[in-house]
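*Asks:* Have a look at this prediction, sequence included:
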Amino acid sequence: MSGRLDGKVAVITGGTSGIGAATARRFVAEGARVVIAGRSERRGNALSGELGEQAFFFRADVMHEAEIAAVIDAAVSRFGQLDCLFNNAGAATPGEIDTITEEQFDYGMKLLVGSVMFGIKHAARVMQSRGGTIINNSSIAAHRLGQGGTLYSAAKAAVSHITRIAGAKLGPNGIRVNAISPGAIATPIFWGGSAKAQTLSDEDNARKLAKLEGNLARATPLPRSGIANDIAYAAVFLASDEGSFINSHDLVVDGGRIAQFYERPAPGT
């Protein structure tokens, strides 16, 4: 049985946990060969071992352009081509109008915006001859107040707008650029991101995830939390030929939260 991504090669940054890991699993299940990029060698090697010869882990820190370029080149060296880049790496970044520091600003913009900009730059470099698709992980915080901190929201708004610009500029070369804006998705970003998750046991992470899913289920019109696979399926669609006429678009995947703030009463109240 053929998959929706048969014959395609993808790089997924932030691929060792949360949305990135779920997307790597989904892409491989749909027939893609995947380069899992991230900083955690333990998690990355474990995931690539689970997925077999269709995937391999490449250690890369997206805070550095040279390492972004290196993982793109590694994909081409290993698999001979690059069809999709999912700029997924990120974290919650503190920074409010009245308290933000220069250090926080530089870190947040480099992580959330710089990684996307340089990812697009280097993916486009190798996609010029045969086309491809680039997917950027944005957020509903880019579209509506109250969904994230000031710096995080501003950075994600930049990601959404860079997506529109890049899609328009690269479209003539057959390169589609789109974003996904998740909302109310239960991942470790809510308790410190993948770096914090790596310091906890699998049992502790599972317990935190279950509690979070219960809380987020009360925060959307649909009576459940979003999960990482919800974003993974959206990424498969955008990366596949089914999305071949979608470009410069920001796909919101949030159970309807962006349309209406929602707070379902807790059970028993």
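*Replies:* Arrived safely, thanks for sending.
*Asks:* For the rest of this, base every contact and every neighbour count on C-alpha atoms.
*Replies:* Noted.
*Asks:* hmm, which helix or strand of this protein has the shakiest average pLDDT?
*Replies:* In the chain, no helix or strand scores lower on mean pLDDT, DSSP states H and E than helix 193-197, which sits at a mean of 61.
*Asks:* ok, residues contacting the following helix or strand past it?
*Replies:* Counting by DSSP states H and E, the next helix or strand C-terminal to helix 193-197 is helix 202-216. For helix 202-216, the external contacting residues (C-alpha atoms under 8 Å, 6 or more residues apart in numbering) are 184-188, 197, 224-226.
*Asks:* tell me the two of these that are most distant?
*Replies:* Largest separation among the contacts of helix 202-216 by C-alpha to C-alpha: 197 and 224, giving 22.8 Å.
*Asks:* got the buried residues for stretch 222-236?
*Replies:* Judged by neighbour count using 16 or more other C-alpha atoms under 10 Å, the buried positions of stretch 222-236 are 224-232, 234-236.
*Asks:* If you could redo that for stretch 140-147, that was the one I meant.
*Replies:* Quick answer for stretch 140-147 (16+ other C-alpha under 10 Å): 140-143, 147.
*Asks:* And these, which is closest to residue 161?
*Replies:* Of the buried residues of stretch 140-147, the one sitting nearest to residue 161 (C-alpha to C-alpha) turns out to be residue 142, at 9.4 Å.
*Asks:* Distance from the chain centre to stretch 150-164, please.
*Replies:* 14 Å (C-alpha atoms, centre = their mean, to the nearest Å).
*Asks:* got the contact list for that stretch?
*Replies:* 92-97, 105, 108-109, 112-113, 116-117, 136-139, 141-143, 145, 147, 177-179, 247-250.
*Asks:* Dump the contacts of helix 202-216 to JSON lines, plus distance to residue 63.
*Replies:* As requested, the contacts of helix 202-216 are exported to JSON lines (distance: C-alpha to C-alpha, whole Å):
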{"residue": "184", "distance to residue 63": "26"}
{"residue": "185", "distance to residue 63": "24"}
{"residue": "186", "distance to residue 63": "24"}
{"residue": "187", "distance to residue 63": "21"}
{"residue": "188", "distance to residue 63": "20"}
{"residue": "197", "distance to residue 63": "19"}
{"residue": "224", "distance to residue 63": "34"}
{"residue": "225", "distance to residue 63": "30"}
{"residue": "226", "distance to residue 63": "28"}
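*Asks:* For residue 219, pull up the helix or strand it's in.
*Replies:* Here residue 219, judged by DSSP H and E, is contained in no helix and no strand.
*Asks:* is it true that it touches residue 184?
*Replies:* Yes - using C-alpha atoms under 8 Å, residue 219 makes contact with residue 184 at a distance of 7.3 Å.
*Asks:* what is in contact with the two at once?
*Replies:* With C-alpha under 8 Å, 6+ apart as the test, residue 219 and residue 184 both reach 225, 257.
*Asks:* neighbour count winner among these two?
*Replies:* residue 184 (27 against 24; other C-alpha atoms under 10 Å).
*Asks:* Who are the contact partners of that one?
*Replies:* By C-alpha under 8 Å, 6+ apart, the neighbours of residue 184 are 216, 219-220, 225-226, 254-255, 257.
*Asks:* can you pull the pLDDT of it?
*Replies:* pLDDT recorded at residue 184 is 82.
*Asks:* next one: residue 209
*Replies:* Residue 209 carries a pLDDT value of 78.
*Asks:* Would you mind measuring from it to residue 43?
*Replies:* 18 Å (C-alpha to C-alpha, to the nearest Å).
*Asks:* same check, this time on residue 110
*Replies:* 24 Å.
*Asks:* ditto for residue 127
*Replies:* 29 Å.
*Asks:* which one of the two has more residues nearby?
*Replies:* Using other C-alpha under 10 Å, the more surrounded residue of residue 127 and residue 43 is residue 127, with 20 against 17.
*Asks:* Okay then, goodbye and thanks.
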